[in-house]
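S.K.: model this:
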Amino acid sequence: MQRILLPPDWVIALPNVDGEHPYFLPKYQEAIESFLSATTDSVRLVRASQVSRHILAEYDMTELEDLRSTVQASELLRVIPYARQTDHSAHTLYLYLLGVYLFFSCKSLRTGIATFLGEVDYSSKLLTRFLFQWLFASLLHDIGYVFQGRARSEIRAVDRLFRPTTVTRLMGTTDGGLRRSVTQLINRTFIEPFEPIQSPEDVLARLRHMPWGKFANLRDDIFESFSIFGPKQQQVTADDLEDYAYLVAAGGYDGLSEGTVDHAVATGLFLFRYSTFWYWLARENGFDDIFAPYAEGGYPEKDVIAACFAAAAHNLIGVHARGPLIFEKNPIMYLGVLCDELQKWDRFPAGERYLRDLKSFEEYCTDSERIKLTGEWDGDKVAAEFAESKLANRIRDALTRISSADQFVDIR
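M.R.: Down below sits the predicted model:
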């Protein structure tokens, strides 16, 4: 995947925008190469965090790396209740890089995304909008684990993001008057904390509610906002997502267990809640000073909604949805599931089932040296060759969640 640091000619030829090239990954070549060449879990995790922070900085969202680090700590401490838990820190960075690789390597995949977004192929706007939505649907798509049976200290990290002290700190050296205005606005708006909540259903109720929604030209309810403002004619709808979220919250994934918050749903709801929170602050303060970038289309609300919805739905595809997901219905969501099921290397076990039977773990995950990805820019598909045939077969089975995955990836 190091080839993504040397993108196709059409990408290189794109003009700079405000002095910056729209494809920013080559700026972080040393950090990305260091991550890809890591041979131990500890080094790989540190490098993954460094690269992730660089990527998030491109969108002024570096504080979200702290939530990713919280998930990482939970996995290292083996406190996550899911018996088949594996790493999600290096995994989600691999997802991001793998999706970019497929975007460049599979012409039909890229043109399908272009059609879905209503953009011209080989254009700067297509690349920019894809990279933005793909950030949510890959690199950030598992931070919802902080809501899934976690300690209060971890939930507290979420609550801090909505506190005036954190917000004004993130605003930096802004005019004192604006900082006071922001503080007063947040204090006037009763934002209930997550920390005291115990019930998964109550967590969902709080996650879905945005008391500032109507002031940001949205709805106070996120599921309703997804339904009204999200992509139309979807195979997976906001109603499907809401039904699935509450079924899992009430009876677990089998309908017979203790309820839990689905981490994917929690991710999408949180990301939408948090991004609109900042847009609301900007709007209420007249897009002044540091909020100026949000003005005049600077906040791509349709892309935010679509990306958050794709992140929220990635667990229910093939489980609660209407059959395998068709690519044309939602290519970003489809790519998220494709990469999620394909990326089965360099992930450490963190759940009891795998830790008690490490010998069988290679059937579920392998080392990066035992997988070979082969593709050409603007080619037909990418070949993924696994040294372990059982793992390759498992991936093929898992990819039945989506329709015709072999049009983009050949599993060998």
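
S.K.: quick one: contacts for the residue nearest to R396 when sequence neighbours are not counted?
M.R.: What sits nearest to R396 in space, not counting adjacent residues and going by C-beta to C-beta, 6 or more residues apart in numbering, is I411, at 5.2 Å. (Glycine included, C-beta is placed from N, CA and C.) Contact partners of I411, counting by C-beta atoms under 8 Å, 6 or more residues apart in numbering, are A384, F386, A392, I395, R396, L399.

S.K.: can you select the buried ones among those residues for me in PyMOL?
M.R.: Selecting only the buried entries of those in PyMOL, with 16 or more other C-beta atoms under 10 Å as the criterion:
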select buried, resi 384+386+392+395+399
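
S.K.: tell me which of the contacts of I411 is nearest to V182?
M.R.: The shortest distance between V182 and any of those, using C-beta to C-beta, involves L399 and amounts to 45.9 Å.

S.K.: these two touch, right, that closest one and D340?
M.R.: No: under the contact definition of C-beta atoms under 8 Å, L399 does not touch D340, with a separation of 10.0 Å.

S.K.: what residues are bridge-paired with the residue nearest to R396?
M.R.: For I411, the residues forming beta bridges with it (DSSP bridges) are A384.

S.K.: report pLDDT for it.
M.R.: If you check I411, the pLDDT there is 96.

S.K.: what of K344?
M.R.: In the prediction, the pLDDT value recorded for K344 is 88.

S.K.: so how far is Y28 from it?
M.R.: Here K344 is placed at a distance of 25 Å from Y28 (C-beta to C-beta, to the nearest Å).

S.K.: who has more neighbours, those two?
M.R.: For K344 and Y28, the more surrounded residue by other C-beta atoms under 10 Å is K344, and the numbers stand at 23 against 19.

S.K.: so what's the backbone phi/psi at G379?
M.R.: Here the main-chain torsion angles of G379 (degrees, to the nearest 10) amount to phi -90, psi -170.

S.K.: and if you look at R160?
M.R.: Dihedral angles phi and psi of R160 (degrees, to the nearest 10) take the values phi -60, psi -30.

S.K.: any idea what sits nearest it, other than its immediate chain neighbours?
M.R.: Sequence neighbours aside, T166 is the residue nearest to R160 in space, at 5.0 Å (criterion: C-beta to C-beta, 6+ apart).

S.K.: quick one: that neighbour is in a strand?
M.R.: No: checked against DSSP: H, G, I helix; E, B strand; the rest coil, T166 lies outside a strand; its state is helix.

S.K.: residues near it, how many?
M.R.: By the measure other C-beta under 10 Å, the count of residues near T166 is 15.

S.K.: for the stretch 1-150 of the chain, give me the ranges with low pLDDT.
M.R.: Counting by pLDDT under 70, the stretch 1-150 of the chain contains low-confidence ranges at 72-86, 149-150.

S.K.: name the nearest residue to T374, sequence neighbours excluded.
M.R.: Counting by C-beta to C-beta, 6+ apart, the nearest residue to T374 once its immediate chain neighbours are dropped is A383, at 4.4 Å.

S.K.: for that neighbour, give me its contacts.
M.R.: K372, L373, T374, G375, V409, D410, R412.

S.K.: show me the contacts for the fifth one.
M.R.: I take that to be V409. Contacts of V409 (C-beta under 8 Å, 6+ apart): L102, L338, L342, K381, V382, A383, A384, L399.

S.K.: same thing but at 6 Å, please
M.R.: With C-beta atoms under 6 Å, 6 or more residues apart in numbering as the criterion, the residues that contact V409 are V382, A384.

S.K.: backbone phi and psi for it, please?
M.R.: According to degrees, to the nearest 10, the main-chain angles of V409 amount to phi -140, psi 130.

S.K.: and it, how close does it get to Y364?
M.R.: If you measure V409 against Y364 using C-beta to C-beta, the figure is 18 Å.

S.K.: picking up where we left off before, save the contacts of A383 as TSV, and put in distance to V71 too.
M.R.: Output for the contacts of A383, formatted as TSV (distance: C-beta to C-beta, whole Å):
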residue	distance to V71
K372	29
L373	26
T374	32
G375	30
V409	27
D410	32
R412	32
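
S.K.: among those residues, who's most crowded?
M.R.: Using other C-beta under 10 Å as the contact criterion, the top neighbour count among the contacts of A383 goes to V409, which has 24 neighbours.

S.K.: what about the strands in the stretch 301-412 of the chain?
M.R.: For the stretch 301-412 of the chain, the strands defined by DSSP state E, counting those that start in this stretch occupy 371-374, 382-386, 409-411.

S.K.: now these as JSON lines including distance to E296?
M.R.: As requested, the strands of the stretch 301-412 of the chain are arranged in JSON lines below (distance: least, C-beta to C-beta, whole Å):
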{"stretch": "strand 371-374", "distance to E296": "41"}
{"stretch": "strand 382-386", "distance to E296": "39"}
{"stretch": "strand 409-411", "distance to E296": "40"}
